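*Asks:* predicted model follows, preceded by the sequence.
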Amino acid sequence: MTPDKDNPMRIRLTDERKENILSSLVEMFAKEFDEDLSAFRAEEILELFIRELGPSVYNQAIQDARKFMMERLEDLDAIFHEAEDRN
């Protein structure tokens with residue numbers, strides 16, 4: 001997941017995920033606001049959210065994963081420690 005020349009951000013959505021989110025946005029606007037949301041407007045909103053929220057959410061996920069892995073590594077000694085015969 002490396003940045004490309006047109007968009008330096010690492011956050012990428014698959015085409016399928018993007019279409020699902022856009023569909024959800026259009027559906028939500030219709031249901032909650034009784035407003036028709038064009039595909040163009042939905043995509044602009046999604047791009048804004050990715051640009052504004054994406055980096056913070058991405059960075060927090062990385063920190064959470066790092067913390068989780070470090071805790072699991074610390075547990076290795078307790079879980080798999082074998083007593084050594086000192087005779």
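*Replies:* Now that the structure is in, tell me what you want to look at.
*Asks:* I'd like the average pLDDT over the longest helix seen in the chain.
*Replies:* Ordering each helix of the chain by length in residues (DSSP state H) puts helix 39-80 first. If you average the pLDDT over helix 39-80, you get 92.
*Asks:* what is it packed up against?
*Replies:* On a contact count with 3 or more CB pairs under 8 Å, 6 or more residues apart in numbering; DSSP states H and E, helix 39-80 meets helix 15-33. (Each C-beta comes from the backbone N, C-alpha and C, glycine too.)
*Asks:* buried residues in the helix it packs on?
*Replies:* For helix 15-33, the neighbour count (16 or more other CB atoms under 10 Å) marks 21, 22, 25, 26, 29 as buried.
*Asks:* in JSON lines: those, plus pLDDT.
*Replies:* Below are the buried residues of helix 15-33 laid out as JSON lines (pLDDT from 0 to 100):
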{"residue": "21", "pLDDT": "97"}
{"residue": "22", "pLDDT": "97"}
{"residue": "25", "pLDDT": "97"}
{"residue": "26", "pLDDT": "97"}
{"residue": "29", "pLDDT": "97"}
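*Asks:* max pairwise distance over the residues you listed: which two?
*Replies:* Spatially, the most separated pair among these is 21 and 29, at 12.7 Å (CB to CB).
*Asks:* check the gap between residue 34 and residue 28 for me.
*Replies:* 11 Å (CB to CB, to the nearest Å).
*Asks:* can you give me how far stretch 61-79 is from the chain middle?
*Replies:* Computed by CA atoms, centre = their mean, to the nearest Å, the separation of stretch 61-79 from the middle of its chain amounts to 19 Å.
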